[in-house]
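J.: Structure, please.
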Amino acid sequence: MYGILIFFAGIVAIAMVAGIGGFAILNGFKTNQGKWKRISEAGDLTSELDELRARLDDLERRGLVSGEVESQYARLAELEERLDFAERLLAQRNDPARLPLEGPLA
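T.: Just a heads-up that it's a prediction; the model follows:
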């Protein structure tokens, strides 16, 4: 009689261990599935990053080869000089119509 009880207790213990082990294995698969998904998404991001780097290199090369950047800096410097000159002219301007009247006519 005790032999049958020990037999069933052993089966129950094996079933519990198998259940816990199976649960741990399934949980590990779920965790790894999330990692595999992130790895595949990272691969997509890596290709997008490579594409953006290629576009940036192309823009830098095109700007430096054609001299667009340098010509824009030169144009900006020329415009700054013109603005400074116009400001100096306006500061030196003595407009008689704007000056207050002095003397016998006042």
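J.: Residue ranges in this protein under the pLDDT threshold?
T.: 29, 32-43, 63-66, 94-106 (pLDDT under 70).
J.: And the residue nearest the centre of it?
T.: Note on the chain: the residue nearest the mean C-alpha position is Leu49, at 10.3 Å, using Cα atoms, centre = their mean.
J.: That one: what's it in contact with?
T.: Leu49 sits next to no residue when contact means Cβ atoms under 8 Å, 6 or more residues apart in numbering. Backbone N, C-alpha and C define where each C-beta goes, glycine included.
J.: Next, work out how far apart it and Arg55 are.
T.: 11 Å (Cβ to Cβ, to the nearest Å).
J.: likewise Leu5?
T.: 75 Å.
J.: One more: Ala15?
T.: For Ala15 relative to Arg55 (Cβ to Cβ), the value is 60 Å.
J.: same deal with Phe8?
T.: Counting by Cβ to Cβ - Phe8 and Arg55 are separated by 70 Å.
J.: Equivalent analysis for Ala24, please.
T.: 47 Å.
J.: likewise Glu87?
T.: 41 Å.
J.: and the longest helix for the protein?
T.: helix 2-66 (DSSP state H).
J.: ok and the helix or strand where Leu89 lies relative to helix 2-66, angle-wise?
T.: Using DSSP states H and E, Leu89 sits in helix 68-92. Angle of helix 68-92 versus helix 2-66, following axes from the mean of the first three to the mean of the last three Cα atoms, to 10 degrees, is 60 degrees.
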